[in-house]
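Novice: Below are the sequence and a predicted model for it; my questions follow.
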Amino acid sequence: MKHLAADDLDVPLGQKLGQDQQKRKGLTLGLTLPVAWPQLVAGVLGVGVLVVGLWTVMADDPLGGEPMAIVAARQTPPAADRKAPDAARNSEQAGVAIVPAKAVEAAAAPPLGSKTVTIIDGMSGKKQDIVIPGKSSPAEPGARKAAAEPRLLEQGRHGNIPKIAADGARPSAVYARPVKLAADKADAPRIALIVGSLGISASATADALEKLPAPVTFAFAPYSADLDSLSARARSGDHEVLLQTPMEPFDYPDNDPGPQTLLTSLSGDQNVDRLQWLMSRMQGYVGIASFMGSRFTASEQAMSPVLREAAKRGLIFLDDGSSARSVAGQVAGSNNLPFVKTDVVVDATPTPVEIDRALARLEMLAKDKGSAVGFATAQPGNIGRLAAWAKAVQGRGFVLVPVTMVAVKPKSS
């Protein structure tokens, strides 16, 4: 049976379509799709999937299309030309502090304690091994003389950490640098000055090592790639050394001390594990010092396992004076841990006038109590002022002493 188009029905019987009508009919029939729209869309998508599959098989992409980031890695100049890096606090990732790019060095024989990371170029697939230094070994003759003693080291989960030797020798005693007092100075008021945050600013660290006298105690932040080398240089200059331990402040995480910060939200075992990671960053220190920590040091529950661990390892503890609510003194006493409390934060207001006033207040406290402890941050503008004061203060009848000479000793057992 012949089917009639719509135009055929409109034409009287016995007449043919006009030429224009035939053209319109042909045009309409030419645009008629042989398949439905949903089928057409499905076909296009299928072709797209086929193209992607063929590209995955044929393309030279070793990562198989995984998300990737291209990292620029630079080699540092030779050791003779390399300066101590300016370290910045970095975000924590899997419990590892990220080392600044200029502290990363490729070497044929990686140094002891270093880690090798393989970086894959996402475009070419080429691999490159980059050595991230762990704890640098002392290279200078003076630094080698100040190297940590093996009998005071214990292999922990994260590396070497301090311990009390089998003969009872304690790191706080072995690494101490006591000052020999002249007979006429035996009863003179004593001042201990601790300069902290060393290892963060290369210029400030270099200034401190060059300009500050031996009785000044150096406290190093745990994030520099050259900690062991810097610590050894400090001890070869007869400075006592402390390891700063980042602790939770009240405004954490907006104010973040850095990776492996001790937190009140963690268990005691977790904080001790973090403390051991921090302690493995360098060696040769007489004790640990709080860094920030206004919330953490106010919690007896949080502080107790940490200070118990410090006492177990023969160290002393310095409260940096950042919080008036700190319970560190009481907790240290209950654990027979030698303890030092900062009396004056010298650069709480970091202006020359206020620093001079703080140093004058430190001298007054030393006269009144017989001894006083000041704490300052290593900044390029501070070091010269502190060096000038340290040179002059002894002419005013005071004695500069290292931190161990003002520590409150533990009770005899």
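Specialist: That came in fine, so what should we check first?
Novice: Going along the chain, name the helices of the stretch 101-250 of the chain.
Specialist: If DSSP state H, counting those that start in this stretch is used as the criterion, the helices of the stretch 101-250 of the chain fall at 141-145, 171-174, 202-211, 227-236.
Novice: Now the weakest link among these, please, by mean pLDDT.
Specialist: Across the helices of the stretch 101-250 of the chain, helix 141-145 has the smallest mean pLDDT, namely a mean of 47.
Novice: From residue 242, how far out is residue 313?
Specialist: Note on residue 313: its distance to residue 242, by CB to CB, to the nearest Å, is 14 Å. Every residue, glycine included, has its C-beta placed from N, CA and C.
Novice: Okay, now the unreliable bits of the chain?
Specialist: Low-confidence segments of the chain, defined by pLDDT under 70: 1-37, 52-147, 410-413.
Novice: Strands of that one, residue ranges please.
Specialist: Listed in chain order, the strands of the chain (DSSP state E) span 115-120, 127-132, 153-155, 160-162, 190-198, 217-220, 241-247, 287-292, 316-319, 339-341, 344-345, 371-377, 399-400.
Novice: next one: phi and psi at residue 252?
Specialist: Main-chain torsions, residue 252, degrees, to the nearest 10: phi -70, psi 140.
Novice: Now do the contacts for the residue lying closest to it once chain neighbours are set aside.
Specialist: Spatial nearest neighbour of residue 252, chain neighbours left out: residue 295 (6.8 Å); criterion: CB to CB, 6 or more residues apart in numbering. Contacts here follow CB atoms under 8 Å, 6 or more residues apart in numbering; on that basis residue 295 touches 247-250, 252, 264.
Novice: which phi and psi does residue 295 have?
Specialist: For residue 295, the backbone dihedrals (degrees, to the nearest 10) come out as phi -80, psi -40.
Novice: change the start of the numbering to 628 and stick with it
Specialist: Sure thing, new numbering starts at 628, so read that last one as residue 922.
Novice: how much space is there between it and residue 815?
Specialist: In terms of CB to CB, residue 922 sits 38 Å off from residue 815.
Novice: neighbours of the residue nearest to residue 946 when sequence neighbours are not counted, just the number please.
Specialist: Once flanking residues are discounted, residue 946 sits nearest to residue 955: 4.5 Å by CB to CB, 6+ apart. Other residues within reach of residue 955, judged by other CB atoms under 10 Å, total 26.
Novice: Residue 955 contacts residue 931, correct?
Specialist: No: using CB atoms under 8 Å, residue 955 is not in contact with residue 931, being 10.4 Å away.
Novice: ok, the residue nearest to residue 946 - contacts?
Specialist: If a contact means CB under 8 Å, 6+ apart, then residue 955 has 917, 924, 930, 934, 944, 946, 966, 968 as its contacts.
Novice: Burial check on the fourth one, number of neighbours?
Specialist: For residue 934, the neighbour count with other CB under 10 Å is 26.
Novice: ok, now how distant is it from residue 996?
Specialist: Residue 934 sits 24 Å away from residue 996, going by CB to CB.
Novice: just the first one next, same as before
Specialist: Counting by CB to CB, the separation of residue 917 from residue 996 is 21 Å.
Novice: okay, the two: which has more neighbours?
Specialist: Higher neighbour count among residue 917 and residue 996: residue 917, with 28 against 11, using other CB under 10 Å.
Novice: now the more buried one: how far from residue 809?
Specialist: Following CB to CB, the distance that separates residue 917 from residue 809 is 34 Å.
Novice: Over to residue 951?
Specialist: From residue 951 across to residue 809, the span is 37 Å (CB to CB).
Novice: Could you do residue 890 as well?
Specialist: Residue 890 is 47 Å from residue 809, by CB to CB.
Novice: for residue 937, same thing?
Specialist: To residue 809, residue 937 is 33 Å away according to CB to CB.
Novice: more neighbours, these two?
Specialist: It is residue 937, of residue 937 and residue 809, that has more neighbours when counted by other CB under 10 Å, with 25 against 9.
Novice: From what I see, the more buried one and residue 944 are in contact.
Specialist: Yes: at 5.4 Å, residue 937 and residue 944 qualify as touching, with contact defined as CB under 8 Å.
Novice: Pull up the overlap in contacts between the two.
Specialist: Counting by CB under 8 Å, 6+ apart, the common neighbours of residue 937 and residue 944 are 914-915, 964.
Novice: quick one: which of those has the most company?
Specialist: Highest neighbour count within the shared contacts of residue 937 and residue 944: residue 914, with 30 neighbours (other CB under 10 Å).
Novice: Am I right that it is in contact with residue 943?
Specialist: Yes: with contact defined as CB under 8 Å, residue 914 reaches residue 943; the gap is 3.4 Å.
Novice: list residues touching both of those two?
Specialist: Joint contacts of residue 914 and residue 943 (CB under 8 Å, 6+ apart) are 799, 937, 965, 967, 1030-1031, 1034.
Novice: got the end-to-end distance for stretch 806-818?
Specialist: Stretch 806-818 has an end-to-end distance of 12 Å (CA to CA, to the nearest Å).
Novice: Kindly report the same for stretch 792-809.
Specialist: End-to-end distance of stretch 792-809 (CA to CA): 32 Å.
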